[in-house]
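S.K.: structure here, sequence nowhere to be found:
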């Protein structure tokens, strides 16, 4: 009797507790409805949820960044096309025009594929300078790597005063001397740095001036590497008022004085 009483008590407890719902997980992602025909179709609520998810994660949301991306791309392409009209040496940062072969007046001079550079990396040249692309590229490397950073705290570099570029002549214009790198389109001389403030720092006065001496020496030193020859006021009497840069190469490396 006691055994039967225990069994009845256990059955009564199970009935009161009800079915174990943890064994029957309910799918929340797709609610189905049984049609009279016996076929099963998704509930309208499931269709609505799916449509909302599509609108949220698919078409509407993804189109917005795509449209913005295409618009930015189009603007950038237009800007590149405008700048490319004046690009030389295959570099959009170097603006000017290609002038082709420059015939020599004397033996040893001339340039096969000359360009006339007007600005480099946004820095204007006081006069369009004729040179080859190797020299134009070296000029860009120096402007971006040394000249612009050096004058950044002084208001920013706006332009360069060009003292000389291509000229079919001997070194330092000395009679009977070797042909200058200027005569081969491989050199440019810079006499001053023009700032956005309107101020101009010249090599002649700025090299020794307390407020600009460090900056001038920085840009002079920074040219060693991009250029093969770098000459300044400490080089000789011919370079007291300008920096001479050229792309001649030496086995021992750059020659800088």
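M.R.: Perfect, thanks for sending it. All values derive from a computational prediction rather than experimental measurement.
S.K.: going forward, measure contacts between C-alpha atoms and count neighbours the same way
M.R.: Noted.
S.K.: mean confidence for the longest helix seen in the chain?
M.R.: For the chain, the longest helix by residue count, based on DSSP state H, is helix 59-84. Helix 59-84 carries an average pLDDT of 72.
S.K.: could you point out the helix or strand that follows that helix?
M.R.: Counting by DSSP states H and E, the next helix or strand C-terminal to helix 59-84 is strand 87-88.
S.K.: can you list the strands that that next one pairs with?
M.R.: Strand pairing for strand 87-88, using DSSP bridges, gives strand 91-102 (antiparallel).
S.K.: and the partner strand, what's buried?
M.R.: 91, 92, 93, 94, 95, 96, 97, 98, 102 (16 or more other CA atoms under 10 Å).
S.K.: for stretch 133-142, same thing?
M.R.: 133, 135, 136, 137, 138, 139, 140, 141, 142.
S.K.: repeat for stretch 117-130
M.R.: 117-121, 123-130.
S.K.: re the thing from before, now, which of the buried residues of strand 91-102 sits nearest residue 81?
M.R.: residue 92 (9.5 Å; CA to CA).
S.K.: ok, now which ones touch the closest one?
M.R.: For residue 92, the contact set (CA atoms under 8 Å, 6 or more residues apart in numbering) comprises 80, 83, 84, 86.
S.K.: buried only: go through those residues for me.
M.R.: Buried among those by 16+ other CA under 10 Å: 84, 86.
S.K.: on that earlier part again, now render the buried residues of stretch 133-142 as CSV, adding distance to residue 170.
M.R.: Formatted as CSV, those follow (distance: CA to CA, whole Å):
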residue, distance to residue 170
133, 22
135, 19
136, 21
137, 24
138, 22
139, 22
140, 26
141, 27
142, 25
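S.K.: tell me which two of those residues sit farthest apart.
M.R.: 133 and 142 (14.1 Å).
S.K.: looking at strand pairing, list the partners for residue 97.
M.R.: Residue 97 has these beta-bridge partners by DSSP bridges: residue 116.
S.K.: that one and residue 88 touch, don't they?
M.R.: Yes. Residue 97 lies in contact with residue 88 (CA atoms under 8 Å); the separation is 6.0 Å.
S.K.: what touches both of those two?
M.R.: Common neighbours of residue 97 and residue 88 (CA under 8 Å, 6+ apart) are 115, 117.
S.K.: burial measure for residue 250, as a count.
M.R.: 10 (other CA atoms under 10 Å).
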